[in-house]
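Chemist: Next one to model:
(2 chains)
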Amino acid sequence: MSTRAPTGKLLVKLVLTAVAMFAFAIFVMPPLYNLLCEITGIGGKTKGSYEAVDVRVDTSREVVVQFIAANNAEMPWDFYPMQTRVTVHPGEPTNVEFFARNKTQSDMVGQAIPGVVPFNAADYFHKTECFCFNSQPLAAGEEAQLALTFIVDPDLPESINSLTLSYTLFDITSSVSNSVAQLQK
Amino acid sequence: MAHGPAKGIGRWLFTTNHKDIGTLYLWFSFAMFLLGGFFAMVIRAELFQPGMQLIKPEFFNQMTTMHGLVMVFGAIMPAFVGLANWMIPLMIGAPDMALPRMNNLSFWILPFAFAILTSTLFMEGGGPNFGWTFYAPLSTTYAPESVNYFIFAIHIMGASSIMGSINIIATVMNMRAPGMTYMKMPLFVWTWVITAFLLVAVMPVLAGAVTMMLMDINFGTSFFNAAGGGDPVLFQHVFWFFGHPEVYIIILPAFGVVSQIIPTFSRKPLFGYSSMVYATAAIAFLSFIVWAHHMFTVGMPIAGELYFMYATMLIAVPTGVKVFNWITTMYKGSLTFETPMLFSIAFVILFTFGGFTGLMLSVAAADTQYHDTYFVVAHFHYVMVAGAVFSGTAAIYYWLPKWCGRMYNETMGQVQFWVAFIGFNIAFMPQHFLGLAGMPRRYADYGLQFADWNMVSSIGAFIYGGAQLMLLYNVIVTIRSGAPTSEAKTWEGAEGLEWTVATPAPYHTFSTAPEVK
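Modeler: Just a heads-up that it's a prediction; the model follows:
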């Protein structure tokens, strides 16, 4: 039939479309989603390590920072902030600590995932040092004080005078190939 | 004529004939319809009274999940692919589908997909229990062991749908009879070709979603796992990027069917043909940019909620064009009310009703209240069942005489219609009230204040289920002993190439292309 050749071409185009959409779903949508969340601050995701460049401290203003810690699903550790709230001046580096204890009989690795509420404050909450940048390996029965240093950006919108940083602790032991002893070196 | 069908089971296994494959699709989808309907009966039987009577909550969850999956992917979609196989070549004057061997393949992998999916119910830990939308982490971290079988089954269904769509696009673009320009194609062909493009675009996204699940579950990736830097909300975005076009994939061919039937029994040409085509294309385009209206409660910024709300409301415009065109087609027509017409009119009324509840749900502020209640269940059953299933039933009655050369019993058809129509409304109308009163969906039990309407709904569901057995009976009786008919035009008001071939439709048609004026 005379339509045979164009049918072949059409077939190739349509199959390529399907393959491209599959690739779009796996390789484009997740990074695009993360990028959008990062740009807009949706979801309260905080950024990675922050290099303090601005030393200006706005002493005229006080911001309350509250801390929440939660365990995900079946994570058995004790995990809580050593102080539930601090009052800071924007621009001033502040140290706080979280407490974690692996009360099980086996070595485990945890991973804390941060989030900030209100969402539009996420871009103004900078962590210069945080235990959440790495995993937290703890041997059986071991406990640790986990350090966090943060700066609230002086550009924080005037409407925000308190924000909440929450950590959810996940059990990632099964997906880490190194032993706890190796990780702790 | 070159030759007739082969003998025995080989005819069905190795067939490349579009009519045989259409028949296979239709029977398969009806079998799945009964299976999914059986699951629905289990659900409604458990919900007949408050408290736990018949099954355990874990099994109830598997029933709701399997009911949704089987009905969407096993019953409705293959039913319309079956109609497409049967009717598109006949409607455009083609001798067969463009890719007949692929057609055979795309059908014959389907029974395996559903065998795999259904077999999970008998596995240790049970079948999928995370809802037909399989949100992560319910479907990843907390999924039963059988989830990999579910993923594989979805992959096969997706492959089947994509092959079927490619075939339809190739057929319509390359095999139209001389003179059959795009704007002369019957609307059923138009709606299907647009649907096929939607399928090619979004079924791979569904495959991508389940592939990411597969990798999260088995290979330690963290697409949807917050512990590894992923995000469960991403799953909802990927799923609904597929899922919203999917609901139009289900309904557009149904629009096509009623756009064939209403003019026939109004004895008038379809009002506003070209506006119907453009409205269909507009709905298809809009379906890609409204997905997050399924997710108003995940914590979207206000700008996002507003955008998705207004974009969703915009869909009412092309849909309204279609509804008004159907009504205007009937206006001042010389109407008769044979069974296909009854189902089509019921489709227009009930689909419009379901469309209005959809508009209610599109209001982001109100959706916070309606979200995940029985109001949503009632809404999508009005559009899916009264939409797709009623229109599919209308199509069966409409074209059955052409397919098998025998006329169905009109009285039996009309009785079946009224039982289905009344049963359907008794089953689903009360679910609006339950939802507005706050009854959440997907629970095996409910508070005592919901007891009365749930009992009414269950009774309606049993009546509606019975109506489907009547349909099966009507079809079988028609095929075996219906009054023979050999008129090419079964309905005197019908127009189109499919009514120019002999009745029953010969095994091979349009070996020489017809001339279209």
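
Chemist: now A:Ala70, what's its secondary structure?
Modeler: strand (DSSP: H, G, I helix; E, B strand; the rest coil).

Chemist: try the one 4 residues further on
Modeler: For A:Glu74, the secondary structure call by three-state DSSP comes out as coil.

Chemist: What is the end-to-end distance of stretch B:323-337?
Modeler: For stretch B:323-337, the first-to-last residue distance is 19 Å (Cα to Cα, to the nearest Å).

Chemist: For that stretch, buried residues please.
Modeler: B:323, B:325-326, B:329-330, B:333 (16 or more other Cβ atoms under 10 Å in any protein chain shown). For the C-beta atoms, the positions are set from N, CA and C on the backbone; glycine is no exception.

Chemist: will you turn those residues into TSV that also has distance to A:Lys127, pLDDT and secondary structure?
Modeler: Below are these laid out as TSV (distance: Cβ to Cβ, whole Å; pLDDT from 0 to 100; DSSP: H, G, I helix; E, B strand; the rest coil):
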residue	distance to A:Lys127	pLDDT	secondary structure
B:Val323	55	97	helix
B:Asn325	59	97	helix
B:Trp326	60	97	helix
B:Thr329	65	97	helix
B:Met330	66	97	helix
B:Gly333	71	94	coil
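
Chemist: Please go through the chain and pick out the longest helix.
Modeler: No chain specified, so I'll use chain A. helix A:4-23 (DSSP state H).

Chemist: you looked at the wrong chain, it should be chain B
Modeler: Every helix in chain B considered (DSSP H), the longest is helix B:232-266.

Chemist: before we move on, the earlier item: among the buried residues of stretch B:323-337, which one sits closest to B:Glu305?
Modeler: B:Val323 (27.1 Å; Cβ to Cβ).

Chemist: Which per-residue confidence value corresponds to the closest residue to that closest one other than its chain neighbours?
Modeler: Nearest non-adjacent residue to B:Val323, counting by Cβ to Cβ, 6 or more residues apart in numbering or on different chains: B:Thr352, 5.4 Å away. B:Thr352 carries a pLDDT score of 96 in this model.

Chemist: And B:Thr352, which helix or strand is it part of?
Modeler: Using DSSP states H and E, the secondary-structure element containing B:Thr352 is helix B:339-362.

Chemist: same deal with A:Ile151?
Modeler: strand A:143-152.

Chemist: What pairs with that strand, parallel or antiparallel?
Modeler: strand A:94-101 (antiparallel), strand A:125-130 (antiparallel) (DSSP bridges).

Chemist: Distance from the chain centre to the first one, please.
Modeler: Distance, stretch centre to chain centre, for strand A:94-101: 16 Å (Cα atoms, centre = their mean, to the nearest Å).

Chemist: repeat for the shortest one
Modeler: Here strand A:125-130 shows a centroid-to-chain-centroid distance of 11 Å under the convention Cα atoms, centre = their mean.

Chemist: Straight-line length of stretch B:165-181, end to end?
Modeler: 20 Å.

Chemist: what's in contact with it?
Modeler: A:3, A:6-7, A:10-11, A:14-15, A:18, B:84, B:88-89, B:92-95, B:97-99, B:102-103, B:106, B:185, B:189, B:192-193, B:195-197, B:199-200, B:203, B:497, B:510, B:513-517 (Cβ atoms under 8 Å, 6 or more residues apart in numbering or on different chains).

Chemist: hmm, try it at 6 Å
Modeler: With Cβ atoms under 6 Å, 6 or more residues apart in numbering or on different chains as the test, stretch B:165-181 has contacts from A:3, A:6-7, A:10, A:14, B:84, B:92-94, B:97-99, B:102-103, B:192-193, B:196, B:199-200, B:513-516.

Chemist: Got the phi and psi for B:Val501?
Modeler: phi -80, psi 160 (degrees, to the nearest 10).

Chemist: still on that earlier bit, tell me the buried residues within the contacts of stretch B:165-181.
Modeler: The buried subset of these - by 16+ other Cβ under 10 Å - is A:3, A:7, A:10, A:14, B:84, B:92-94, B:97-99, B:102-103, B:192-193, B:196, B:199-200, B:513-514.

Chemist: and B:Ala177, that one's in a helix?
Modeler: No. Read with three-state DSSP, B:Ala177 is coil and lies in no helix.

Chemist: Phi, psi for it please.
Modeler: According to degrees, to the nearest 10, B:Ala177 has phi -70, psi 150.

Chemist: how many neighbours does it have?
Modeler: 18 (other Cβ atoms under 10 Å in any protein chain shown).

Chemist: ok, now B:Phe296?
Modeler: Neighbours of B:Phe296 using other Cβ under 10 Å come to 23.

Chemist: Tell me the spacing between it and chain A.
Modeler: Noted for B:Phe296: a distance of 14 Å to chain A, by Cβ to the nearest Cβ, to the nearest Å.

Chemist: B:Phe152 and B:Gly125: what is the separation?
Modeler: B:Phe152 sits at a distance of 16 Å from B:Gly125 (criterion: Cβ to Cβ, to the nearest Å).

Chemist: same deal with B:Val205?
Modeler: 28 Å.

Chemist: Contact residues of the stretch 251-400 of chain B facing chain A?
Modeler: Contacts of the stretch 251-400 of chain B with chain A, taken as Cβ under 6 Å from any Cβ of the partner chain, map to B:Pro301.

Chemist: Now the stretch 251-400 of chain B against chain A: closest residue?
Modeler: Residue nearest to chain A within the stretch 251-400 of chain B: B:Pro301 (5.8 Å; Cβ to the nearest Cβ).

Chemist: just the stretch 201-350 of chain B next, same as before
Modeler: Counting by Cβ to the nearest Cβ, the stretch 201-350 of chain B gets nearest chain A through B:Gly208, at 2.6 Å.

Chemist: nearest spatial neighbour of the residue sitting nearest the centre point of chain B, skipping sequence neighbours?
Modeler: By Cα atoms, centre = their mean, chain B has its centre lying nearest to B:Ile76, at 3.2 Å. Spatial nearest neighbour of B:Ile76, excluding adjacent residues (Cβ to Cβ, 6+ apart): B:Ala388 at 4.8 Å.

Chemist: My guess is the one you found contacts B:Leu252. True?
Modeler: No. Counting by Cβ atoms under 6 Å, B:Ala388 does not reach B:Leu252; the two are 9.7 Å apart.

Chemist: excluding its backbone neighbours, what's nearest B:Leu90?
Modeler: Per Cβ to Cβ, 6+ apart, closest to B:Leu90 is B:Glu498, 3.9 Å.

Chemist: Count the residues that sit near the one you found.
Modeler: When neighbours are counted by other Cβ under 10 Å, B:Glu498 comes out with 25.

Chemist: B:Gln49 now?
Modeler: Every residue meeting other Cβ under 10 Å relative to B:Gln49 is counted, giving 15.

Chemist: what about it, which SS state?
Modeler: Taken by three-state DSSP, the conformation at B:Gln49 corresponds to coil.

Chemist: Run a quick check on A:Ile68 versus A:Ser166, I expect a contact.
Modeler: Yes. Under the criterion of Cβ under 6 Å, A:Ile68 makes contact with A:Ser166 at 4.1 Å.
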